[in-house]
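one predicted model, sequence on top.
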Amino acid sequence: MNYPESARIVEVGPRDGLQNEKQPISTTDKIELIRRLVQAGISHIEVGSFVSPKWVPQMADSLDVMQGIERSDHVRYAALTPNMRGFEQALIAKADEVAIFGAASESFSQKNINCSIEESLERFQPIMARAKELNLPVRGYVSCILGCPYEGLITPDNAQPHFEKVKQVTQTLLDMGCYEVSLGDTIGTGTPLYTEQLLKALLKDIPANQLAVHFHDTYGQALANILVALQNGIATIDASIAGLGGCPYAQGASGNVATEDVLYMLNGMGIFTGIDLDKLIRAGQEISQKLNRKNGAKVGVANKLA
């Protein structure tokens, strides 16, 4: 296999992870988590989300967090911006990058943001235009690439039409100006076979360096799916420190793949990241204690560092 020589980990724990944690966490502790992630060598961090605090209370202090962190020139600090108001907040916060999102499932789009996939993407046009004026990078997300909580799992009967929908949404985001699109297995039901088939369909027309993967570990398939992505030349991986963030669509299930587990695998394959595993483990252990939760990283549990 021709694996990449290096890989980039996009740390989503402070946003995608914490927003799905029930235990409240202080702004100070969020800032400290980000400091520890930077200290470990993480170079791309999703810091927060500028959404209504009514819907996502854990992200209500994203502006304070963004303004409270000590910036490093070697780190990109990103924010999710679902609308123009959120985008303007991200500018105030001096985010280095913003992210927008679409879904490959009409049902998910309607249930989540009360509009069709096409309408959801049209809503991002003003953000893309303004970002282009400011030369601000925009990252795209596609949800439900390998299954939907409302439309069900991928099967041999529906796989190809669904993969075409994923490809269509991904290409639209790239055409709008996103420099990269992260492919999200939202409910974590994808398996290596379907991951392979999906990526083969996308890579016929989309370069691997414009794609990232965002696998949830609900059914323990995340690392296997990430391995398939690496085999197909995709070298950008979203992951969450200590596996922060449950899967809101699968009761009691784990959600994001743990950054520590991804890094352990990459280290064992000789794929360079520039990240210190011991420091990352300590960061995961500390945030797990503050949240009074079990550490979701198998590597973190296996390595009891002082």
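Done, it's in.

any chance you could list what contacts the helix ranked longest in the chain?
The longest helix of the chain (DSSP state H) is helix 159-176. If you take C-beta atoms under 8 Å, 6 or more residues apart in numbering as the criterion, helix 159-176 is touched by 100, 102-105, 117, 121, 124-125, 128, 140, 142, 145, 154, 181, 183, 194, 197-198, 201-202, 205-206, 210-211. Heads up, the C-betas are built off the backbone N, CA and C, glycines and all.

among these, name the buried ones.
For the contacts of helix 159-176, a neighbour count by 16 or more other C-beta atoms under 10 Å gives the buried set as 100, 102-105, 117, 121, 124, 128, 140, 142, 145, 154, 181, 183, 194, 197-198, 201-202, 206, 210-211.

which phi and psi does residue 135 have?
With angles defined as degrees, to the nearest 10, residue 135 sits at phi 60, psi 40.

neighbours around it, how many?
Using other C-beta atoms under 10 Å, residue 135 has 6 other residues around it.

cool, residue 30 as well?
Residues lying near residue 30 (other C-beta under 10 Å) number 26.

do residue 226 as well
Residue 226 has 26 nearby residues by other C-beta under 10 Å.

again, but for residue 4
19.

out of everything not next to it in sequence, what's closest to it?
residue 235 (3.9 Å; C-beta to C-beta, 6 or more residues apart in numbering).

thinking that neighbour is in contact with residue 207, fair?
No: contact criterion C-beta atoms under 8 Å: residue 235 and residue 207 do not qualify, at 11.6 Å.

and the pLDDT at the residue nearest to residue 4?
The per-residue pLDDT reported for residue 235 equals 98.

swap in the one 5 residues further on?
pLDDT, the model's per-residue confidence, is 98 for residue 240.

which residue sits closest to it, ignoring its sequence neighbours?
Here the residue nearest residue 240, using C-beta to C-beta, 6+ apart, is residue 256, at 3.5 Å.

for the one you found, which residues count as its bridge partners?
residue 216 (DSSP bridges).

that one reaches residue 242, doesn't it?
No: under the criterion of C-beta under 8 Å, residue 256 makes no contact with residue 242, lying 9.3 Å away.

neighbours around residue 132, how many?
Per other C-beta under 10 Å, the neighbour tally for residue 132 reads 12.

might you report the residue contacts of it?
In this structure, residue 132 makes contact with residue 177, judged by C-beta under 8 Å, 6+ apart.

of residue 235 and residue 207, which one has the most company?
Shown here are residue 235 and residue 207; by other C-beta under 10 Å, residue 235 has more neighbours (22 against 11).

list the residues that contact both of residue 256 and residue 242?
With C-beta under 8 Å, 6+ apart, residue 256 and residue 242 have common neighbours 13, 17, 296.

which of these sits closest to residue 33?
Using C-beta to C-beta, residue 13 is the member of these that lies nearest residue 33, at 7.3 Å.

by mean pLDDT, flag the weakest helix or strand of the protein.
Every helix and strand in the chain was compared by mean pLDDT, DSSP states H and E; the lowest is helix 106-113, with a mean of 81.

in that one, what's buried?
Quick answer for helix 106-113 (16+ other C-beta under 10 Å): 106, 108-110, 112-113.

ok, the residue nearest to residue 4 - contacts?
Counted by C-beta under 8 Å, 6+ apart, residue 235 has contacts 4, 6-8, 208-209, 271.

how about the strands in the stretch 151-300 of the chain?
152-153, 180-185, 211-215, 236-239 (DSSP state E, counting those that start in this stretch).
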